[in-house]
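Enquirer: sequence first, then the predicted structure, then my questions.
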Amino acid sequence: MTTTNTTTTTQFPPPKVLTYPSSTPPILITQGAEGRLYKTTYLSPSIPCALKYRPPKPYRHPILDARLTKARLSAEAKVLERCWREGIPVPAVYAVDTSAGWMAIEWIDGPPVRAGINEWLGDPPEVEQDGGHQQDKKKENADEDEGEAPMVDLMRRIGLAVGRLHNLAGVVHGDLTTSNMMLRPPLDGGDAAQGKAGKALEGEVVLIDFGLATQSQSDEDRAVDLYVLERAFLSTHPRAERLFGEVLEAYRGSFKKAASVLVKLEDVRMRGRKKSMIG
Ligand SMILES: Nc1ncnc2c1ncn2[C@@H]1O[C@H](COP(=O)(O)OP(=O)(O)OP(=O)(O)O)[C@@H](O)[C@H]1O
């Protein structure tokens, strides 16, 4: 989705639930084609939450619009609840009002994985000093030495999270990108030895935005999910391209049937290549 990051309070009229006297002033975080995301609190001013709001679409017939909004929000909330029950790291669902078009979910207090990777790529850890040449080379190759360990580790955590989603929850996400994953910071403040760049990649990988998710156990659907992630990753982080294999390797080890999904991924890639050749 196209989003505009802003920290202003009300650029648009907020949903009614955010105007009650007890409401914490909402902060508009993103505004996309389908909806808006606000930061506010839930029940107590000390519990931050993300309020996902799908406003009415004036270009749609009102009855159809209300029906669509209800169906999409309740489908997303159901998938989130299912994942949460299975122990997949996703935001907990606090409350849903499908008629009013909103859902309140746990606030994840960390950056999107995309931002963490970009920070790391822009500021990779120094391994040895040689007047800057080493640093430049590292940036080009996204580090081919031990300095890349935090990135390899993150790639593996992503592969495991997707494997658990597919296997334990039986859910395919439908829009896996590094923007739809966040890094929940470690409670203990993390590993001080990581350095600033390594710290950018720390934390638990939390999957978000299940607006396109479906229930499926099929190898084909799972392989397409991985293919979407691969394409998104390679276009968002081309300099880290060769590390993507770590995601797939961790996925392979995350459940029994993962190997056959990876075989299917070859077919899906082939179809993707043919399609892009034909245009
Ligand atoms: N639980 C959360 N905690 C903190 N920030 C969040 C949370 N959920 C989403 N965000 C932030 O808001 C952005 C938009 O969220 P999300 O992608 O779920 O909504 P959406 O794109 O409007 O949904 P859709 O793509 O289905 O229209 C995310 O990229 C992330 O930065």
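Expert: Alright, I've got the coordinates. Numbering: from 1, shown residues only.
Enquirer: centre of the chain to stretch 18-38, how far?
Expert: 20 Å (CA atoms, centre = their mean, to the nearest Å).
Enquirer: and Asp65, how far is that from Ile117?
Expert: 37 Å (CB to CB, to the nearest Å). Bear in mind the C-beta positions are built from the backbone N, C-alpha and C, glycine included.
Enquirer: out of these two, which sits in the more crowded spot?
Expert: Ile117 (25 against 17; other CB atoms under 10 Å).
Enquirer: ok, now how distant is the more buried one from the ligand?
Expert: Using CB to the nearest ligand atom, to the nearest Å, Ile117 is found at 14 Å from the ligand.
Enquirer: ok, now Lys39?
Expert: Using CB to the nearest ligand atom, one obtains 7 Å as the distance from Lys39 to the ligand.
Enquirer: residues near that residue, how many?
Expert: 17.
Enquirer: specify the local secondary structure of it.
Expert: Classification of Lys39 using DSSP: H, G, I helix; E, B strand; the rest coil returns strand.
Enquirer: who's it bridged to?
Expert: On the basis of DSSP bridges, Lys39 is bridged to Ile27, Ala50.
Enquirer: how about Val162, secondary structure?
Expert: Following three-state DSSP, Val162 is assigned to helix.
Enquirer: tell me the spacing between it and the ligand.
Expert: Taken as CB to the nearest ligand atom, the span from Val162 to the ligand is 17 Å.
Enquirer: just give the number of residues close to the closest residue to Cys49 other than its chain neighbours.
Expert: Computed as CB to CB, 6 or more residues apart in numbering, the closest residue to Cys49 that is not its neighbour in sequence is Tyr42, at 3.9 Å. Tyr42 has 19 neighbours, counted by other CB under 10 Å.
Enquirer: what do you get for Arg184?
Expert: So Arg184, with other CB under 10 Å, has 16 neighbours.
Enquirer: got it, and Pro25?
Expert: If we define neighbours as other CB under 10 Å, then Pro25 has 12 of them.
Enquirer: hang on, it in a helix?
Expert: No - per three-state DSSP, Pro25 lies outside any helix segment and is coil.
Enquirer: for the stretch 51-200 of the chain, which residues are neighbours of the ligand?
Expert: 52, 91, 105-108, 112, 179-180 (CB under 6 Å from any ligand atom).
Enquirer: I'd like to know which of the residues you listed are buried.
Expert: The neighbour-count criterion (16 or more other CB atoms under 10 Å) marks 52, 91, 105-108, 112, 179-180 among these as buried.
Enquirer: circling back to that earlier point, next, give me the two most distant ones among the residues of the stretch 51-200 of the chain next to the ligand.
Expert: For these, the maximum inter-member distance is 18.0 Å, found between Glu106 and Ser179 (CB to CB).
Enquirer: picking that back up, export the residues of the stretch 51-200 of the chain next to the ligand to a markdown table and append columns for pLDDT, distance to Pro186 and secondary structure.
Expert: Shown next, in a markdown table, are those (pLDDT from 0 to 100; distance: CB to CB, whole Å; DSSP: H, G, I helix; E, B strand; the rest coil):
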| residue | pLDDT | distance to Pro186 | secondary structure |
| --- | --- | --- | --- |
| Lys52 | 97 | 26 | strand |
| Pro91 | 98 | 17 | coil |
| Ile105 | 98 | 21 | strand |
| Glu106 | 98 | 17 | strand |
| Trp107 | 98 | 17 | coil |
| Ile108 | 97 | 13 | coil |
| Pro112 | 97 | 17 | strand |
| Ser179 | 97 | 21 | coil |
| Asn180 | 97 | 21 | coil |
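Enquirer: can I get the residues you listed in CSV with distance to Arg271?
Expert: Shown next, in CSV, are these (distance: CB to CB, whole Å):
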residue, distance to Arg271
Lys52, 33
Pro91, 33
Ile105, 35
Glu106, 37
Trp107, 39
Ile108, 34
Pro112, 29
Ser179, 25
Asn180, 23
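Enquirer: could you find the closest non-adjacent residue to the closest residue to the ligand within the stretch 151-279 of the chain?
Expert: Closest residue of the stretch 151-279 of the chain to the ligand, CB to the nearest ligand atom: Gly211 (2.6 Å). Leaving aside its chain neighbours, Gly211 sits nearest to Glu76 (5.4 Å; criterion: CB to CB, 6+ apart).
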